[in-house]
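J.: here are the coordinates; sequence isn't available:
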């Protein structure tokens, strides 16, 4: 669904990403993990065409630069880290904005309505439909914006730290919604800081360090003691239960970092 090759980004003359290669396929949830400031948000914004870049980005086989804005909005939904809502709209009307790329001259279609209702239910905001979104809590607003991204019904969804600030139950609600979206044949790229959430809900993990990809693969292959020490500078308990991996940081690492590719 998405392929990036030799992707590099500089901001204000400072290199942020350097020679990044990655692929995202339909039906999978791929987690992006790394410390603050290593370029995760920059990578996601570049993949959406929101930042200038060097290299190649192809979405559904097409070069990103050849795709019109309307077509891009039908291919990619982006849920940014910043949760800015400027207008006092109702929750339902905020989510309905997601259908703009699909609408013609007529009114809301049955498909539009179904997409909005399904997305609000998936993110547990259906009971807030008539509330003014600017009056909601930060966590509630985050779920409304996630519902809007789901309602866009694009084959590729890129979400930057969507569980930040959510209570544990709604963190799992969020990840379950992304997992269901992938099961419907979509490609999901999501940045996370919770190691256990990433291990349990993602098919693959991409670990980033210093603007490069440190390693990528299945959670059991990537979330190792050595990798966590190298990338995050931590020691962690790594275990498993009936639901999957459990990772709990136990302290700062004394491990000497290794060189990355």
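T.: Looks like it came in fine. None of the values given here were measured: they were computed from a predicted structure.

J.: From now on I want contacts and neighbour counts done on CA atoms only, so please keep to that.
T.: Will do.

J.: And the nearest residue to residue 176 once chain neighbours are set aside, how close does it get to residue 144?
T.: Closest residue to residue 176 in three dimensions, ignoring its sequence neighbours and counting by CA to CA, 6 or more residues apart in numbering: residue 201, at 7.8 Å. With the distance defined as CA to CA, to the nearest Å, residue 201 ends up 21 Å from residue 144.

J.: do residue 223 as well
T.: When CA to CA is applied, the distance between residue 223 and residue 144 equals 31 Å.

J.: how far does the longest helix anywhere in the chain sit from the chain's center?
T.: When the chain is parsed with DSSP state H, its longest helix is helix 168-183. With CA atoms, centre = their mean, to the nearest Å as the basis, helix 168-183 stands 12 Å off its chain's centre.

J.: likewise stretch 96-112?
T.: For stretch 96-112, the distance from its own C-alpha centre to the chain's C-alpha centre is 24 Å (CA atoms, centre = their mean).

J.: please begin residue numbering at 18 from this point
T.: Renumbered: residue one is now 18, and that last one reads stretch 113-129.

J.: sorry, back to before: just checking, the residue nearest to residue 193 touches residue 194?
T.: No - with contact defined as CA atoms under 8 Å, residue 218 does not count as touching residue 194 (10.5 Å).

J.: Low-confidence regions, this structure specifically.
T.: In the predicted model, the chain carries pLDDT under 70 at residues 121-123, 272-278.

J.: Okay, strands next: where are they in it?
T.: Applying DSSP state E to the chain gives strands spanning 19-28, 31-41, 46-50, 71-76, 79-80, 93-96, 173-177, 204-208, 221-226, 229-234, 251-258, 261-269.

J.: residues making contact with the first one?
T.: Meaning strand 19-28. In this structure, residues lying in contact with strand 19-28 by CA atoms under 8 Å, 6 or more residues apart in numbering are 32-42, 59, 63-64, 68-78.

J.: and it, which strands flank it?
T.: Strand partners for strand 19-28, identified by DSSP bridges, are recorded as strand 31-41 (antiparallel), strand 71-76 (antiparallel).

J.: what angle separates the last one from strand 173-177?
T.: Just to be clear, that refers to strand 71-76. The directions of strand 71-76 and strand 173-177 differ by 120 degrees, with axes from the mean of the first three to the mean of the last three CA atoms, to 10 degrees as the criterion.

J.: got the buried residues for stretch 104-117?
T.: By neighbour count, and taking 16 or more other CA atoms under 10 Å as the criterion, the buried residues in stretch 104-117 are 106, 107, 108, 109, 110, 111, 112, 113, 115, 116.

J.: next one: that stretch to chain centre, how far?
T.: Its chain's average C-alpha position is 21 Å from that of stretch 104-117, according to CA atoms, centre = their mean.

J.: Identify the residues contacting residue 75.
T.: Residue 75 neighbours (CA under 8 Å, 6+ apart): 19, 20, 21, 81.

J.: Quick check on the contacts of strand 19-28: which are buried?
T.: 33-35, 37-38, 41-42, 59, 63-64, 70, 73-76.

J.: In those, find the pair that's most separated.
T.: With CA to CA as the measure, no two of those lie farther apart than 33 and 42, at 24.9 Å.

J.: Nearest residue to residue 233 in space, ignoring adjacent ones along the chain?
T.: Taking CA to CA, 6+ apart, and ignoring the residues beside it in sequence, residue 233 has residue 223 as its nearest neighbour in space, at 4.4 Å.

J.: How about the contacts made by that neighbour?
T.: With contacts defined as CA under 8 Å, 6+ apart, the neighbours of residue 223 are 47, 48, 49, 50, 230, 231, 232, 233, 234, 239.

J.: Please apply the same query to residue 106.
T.: Taking CA under 8 Å, 6+ apart as the criterion, residue 106 is in contact with 149, 150, 151.
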